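Trainee: Just the structure for this:
(2 chains)
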There are 2 protein chains.
Amino acid sequence: MTSSEVQNSPLQFEVLHEDGQCRARLGRLRLPHGEVETPAFMAVGTQASVKGVLMEQVAATKTPIVLGNTYHLHLRPGEDIVRQAGGLHKFTGWKGPMLTDSGGFQVFSLAQLNKINDEGVTFQSHLDGRRIHMNAESSIGIQNALGADIMMAFDQCPALPGTDEQIKQAVDRTILWARRSMEAHARPHDQALFGIVQGGLNPEMRRFCADALRELDLPGYAMGGLSVGESPDDMNSTLEKCTDFLPPEKPRYLMGVGPPRDIVRAVSHGIDMFDCVLPTRNARNSSLFTWNEGVLKIRNARFKTEMQVLDPDCPCFACSNKLSRAYLSHLCRAKEMAFGTLATLHNLTFYQQLMAKIRAAIKENSMTALVRQIEQQFP
Amino acid sequence: MTSSEVQNSPLQFEVLHEDGQCRARLGRLRLPHGEVETPAFMAVGTQASVKGVLMEQVAATKTPIVLGNTYHLHLRPGEDIVRQAGGLHKFTGWKGPMLTDSGGFQVFSLAQLNKINDEGVTFQSHLDGRRIHMNAESSIGIQNALGADIMMAFDQCPALPGTDEQIKQAVDRTILWARRSMEAHARPHDQALFGIVQGGLNPEMRRFCADALRELDLPGYAMGGLSVGESPDDMNSTLEKCTDFLPPEKPRYLMGVGPPRDIVRAVSHGIDMFDCVLPTRNARNSSLFTWNEGVLKIRNARFKTEMQVLDPDCPCFACSNKLSRAYLSHLCRAKEMAFGTLATLHNLTFYQQLMAKIRAAIKENSMTALVRQIEQQFP
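Mentor: Prediction:
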């Protein structure tokens, strides 16, 4: 890469080391708002906020990158407000790298669909029933206004199981829309556009989609359309067969995944980036991750009197301040907002510890052993 | 005061300066967990949490002391849990001074009363209907287990308006229970017990109650039974007439007050300490205090597009991080928990700014002018 290419590109990715025993990679991603060590887990900040916590607190969990949702932010507050505020970074106060999805997943999962064709999608807002049209051009326009470091091409994400015909149609539209997304992209110098590979559980469709998208030479690629109804084993075997279809010199992002077990398996197949609501949503539902005791359901009666911290090896706010399980149990039962905050910070910290363990394991070529360990600890 | 008295007392209070034009006093309170400059405003942490925020964040607002509620903590999680955790400080992680109320106010306002006589009160829990008995001895036993720096004598708090007979009965019981509270107090060396003066709007009853309680030579005294249904003017004229009944060399605490206007008026009559849910509750209801524009109802449509901070002179987290009114408006509309957190921190910071302005005004003998100014700004 020449120095002028470096200057003109919003994204640089280096694979630093490959695990000797599996396809896991240790990498470094340079983005306009900072560096990200990969494999990396991104916190989900759907509505310009990671639920339950302030952005400063998210940073304290060592979360390297925060995701915003194009569909949600378009509906409320609207991208014009965010643009006037100076972009999603200034609007939210998050100083590190950000990523926005394309809205495709939410349009197909949350909204009431009215019409879909090759041009785009018409749907009704899940908030107020308002009729909205979205296509590659408008998704990219919104994402340019939001101004995240990474943005995603507009795609069609079919639910699983789907017929071959449904999957093929989604793949064709995803390819068409990726090209139109690239052409509509107004800020390629400071926002990196990723392509999304669809294809369901069918390796041939995934290869076809990936090959077409590789021609666009985008700075990164995602595996989309997984974790949408299929079994963990089906997802795993699809990733095992299909991750290599994505160019090895570029970051590979598995969208919307997931539990620790699925993350370590995906890493072993060569995935570099993840996002999921699981740590934050489960926190608010009182499911807390620990290294020695697995998942603690803090609402259970036994925790009312347990005076130890959640996890003695955890550097999160609650654990490092010696706040007891009894206190968290009390806050949860009393429906105090501080419970959601402390629990969210704990789980986000756990996920970043998990990613640090993964990176350390790859460095030592022991990722395969870590996969087995995590499968046992978090079955 | 000899040095041995200093060593054996959990509370030392010094009046540093008296305003030349009114009875406002600048003071310093030394407590086992730290010093408090007075006049002081305490944040309410009813259920071992200041709603919406972590204790570390409360400290960042310069709040000097946090209040816990004996009634609520007795019901849940129960004082035994808090004692096992090492007291309310270790349970919650709050490192500064704390105060617990006696439970009297909540018993008479929240619970379903079953029986009340000179011995004590039987009531049903507002949580689960469980029948509970509380009296001076049990209130003090609970507060000793909670271990706050300041605890309150068990009192009977009558609603206003009340008949002379109701007020007199409450005063008699309050005096009786104060003596029994003092006798039951097991930790006078490290917890300071305050007496509570009742008497409704009747200065003679208040004088009678205060004189009786002064005989107990407690380390501090509170005005109770105000802000319970009477008009602000009735409260103000009662404080004007009755604050001097409390010993001048001891801290004077006005319980459950209140709006900025009532606070500055009470300070001008010689009150040193305040607590109220107003800044935290109003924050969650989207009412935010500012110095230049009064109270902003951030839910109003105009704030959707206002890109300035809430208050350019505010050092709170949101304002100092340049988070816009538009962002707060969005978080509020999107029902994101971060709204409650940011709004609470803003209002608590405003209240501490108010108290700092009050202390500065007293030092310059200009408290009377500040009262007029605040009455105009926050009518």
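Trainee: Work out for me the element residue A:281 sits within.
Mentor: Mapping residue A:281 onto the secondary structure by DSSP states H and E places it in helix A:278-284.
Trainee: So which residues on chain A come close to chain B?
Mentor: Residues of chain A that fall close to chain B, judged by Cβ under 8 Å from any Cβ of the partner chain: A:47-54, A:56, A:76-77, A:81, A:84-85, A:90-93, A:304-305, A:307, A:317, A:321-324, A:326-327, A:329-331, A:333-334, A:336-338, A:340-342. For glycine as for every other residue, the C-beta is placed from the backbone atoms N, C-alpha and C.
Trainee: Now restrict those residues to buried residues only.
Mentor: Among the residues of chain A next to chain B, those that count as buried by neighbour count (16 or more other Cβ atoms under 10 Å in any protein chain shown) are A:47-54, A:76-77, A:81, A:84-85, A:90-93, A:304-305, A:317, A:321, A:323-324, A:326-327, A:329-331, A:333-334, A:336-338, A:340-342.
Trainee: Mark which of the residues you listed are part of helices, please.
Mentor: Counting by DSSP state H, the members of those that fall within helices are A:81, A:84, A:90-92, A:317, A:326-327, A:329-331, A:333, A:337-338, A:340-342.
Trainee: Mind pulling the model confidence for residue A:346?
Mentor: In the predicted model, residue A:346 carries a pLDDT score of 98.
Trainee: Could you check the pLDDT of the residue lying closest to it once chain neighbours are set aside?
Mentor: When the adjacent residues along the chain are set aside, residue A:346 lies closest to residue A:316, with 4.5 Å between them (Cβ to Cβ, 6 or more residues apart in numbering or on different chains). Per-residue confidence for residue A:316 comes out at a pLDDT of 98.
Trainee: Residue A:316 touches residue A:349, doesn't it?
Mentor: Yes: with contacts defined as Cβ atoms under 8 Å, residue A:316 counts as touching residue A:349 at a distance of 3.8 Å.
Trainee: Now do the shared contacts for those two.
Mentor: Shared between the contact lists of residue A:316 and residue A:349 (criterion: Cβ atoms under 8 Å, 6 or more residues apart in numbering or on different chains) are residues residue A:61.
Trainee: Now the following helix or strand past the helix holding residue A:281: average pLDDT?
Mentor: Past helix A:278-284, heading to the C-terminal end, the next element that is a helix or strand (DSSP H and E) is strand A:287-290. Strand A:287-290 shows an average pLDDT of 98 in the prediction.
Trainee: Could you list every helix and strand in contact with strand A:287-290?
Mentor: Contacts of strand A:287-290 with other secondary structure elements, assessed using 3 or more Cβ pairs under 8 Å, 6 or more residues apart in numbering or on different chains; DSSP states H and E, are made with helix A:278-284, strand A:294-297, helix A:337-363.
Trainee: how about those, which one is nearest residue B:377?
Mentor: Nearest of these to residue B:377, taken as Cβ to Cβ: helix A:337-363 at 29.4 Å.
Trainee: Which parts of the stretch 151-300 of chain A are strands?
Mentor: Across the stretch 151-300 of chain A, reading from the start of the chain, the strands by DSSP state E, counting those that start in this stretch fall at A:192-197, A:220-223, A:252-254, A:273-275, A:287-290, A:294-297.
Trainee: Could you dump the ones you listed into CSV with mean neighbour count added?
Mentor: Output for these, formatted as CSV (neighbours: other Cβ atoms under 10 Å in any protein chain shown):
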stretch, mean neighbour count
strand A:192-197, 28
strand A:220-223, 26
strand A:252-254, 27
strand A:273-275, 24
strand A:287-290, 23
strand A:294-297, 15
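Trainee: To what extent is the residue nearest to residue A:346 buried, counted in neighbours?
Mentor: Residue A:316 is surrounded by 26 other residues when neighbours are defined as other Cβ atoms under 10 Å in any protein chain shown.
Trainee: repeat for residue A:183
Mentor: Each residue near residue A:183 was counted by other Cβ under 10 Å, and the total is 11.
Trainee: now do the one 5 residues further on
Mentor: For residue A:188, the tally of surrounding residues (other Cβ under 10 Å) stands at 15.
Trainee: For it, give its distance to residue A:371.
Mentor: The span separating residue A:188 from residue A:371 equals 37 Å under the rule Cβ to Cβ, to the nearest Å.
Trainee: Name the nearest residue to the residue of the stretch 51-200 of chain A found nearest chain B, ignoring sequence neighbours.
Mentor: The stretch 51-200 of chain A approaches chain B most closely through residue A:77 (4.2 Å), counting by Cβ to the nearest Cβ. Distances taken as Cβ to Cβ, 6+ apart place residue B:330 nearest to residue A:77, at 4.2 Å, with adjacent residues excluded.
Trainee: thinking again about what came up before, correct me if wrong: the residue of the stretch 51-200 of chain A closest to chain B contacts residue B:307.
Mentor: No: in this structure residue A:77 lies outside contact range of residue B:307 using Cβ under 8 Å: 11.7 Å.
Trainee: intersection of neighbour lists for the two?
Mentor: Each of residue B:326 lies in contact with both residue A:77 and residue B:307 under the rule Cβ under 8 Å, 6+ apart.
Trainee: Between its first and last residues, how far does stretch A:24-39 reach?
Mentor: 9 Å (Cα to Cα, to the nearest Å).
Trainee: list the buried ones in that stretch?
Mentor: Using 16+ other Cβ under 10 Å as the burial criterion, the residues of stretch A:24-39 that qualify are A:24-27, A:29-33, A:36-39.
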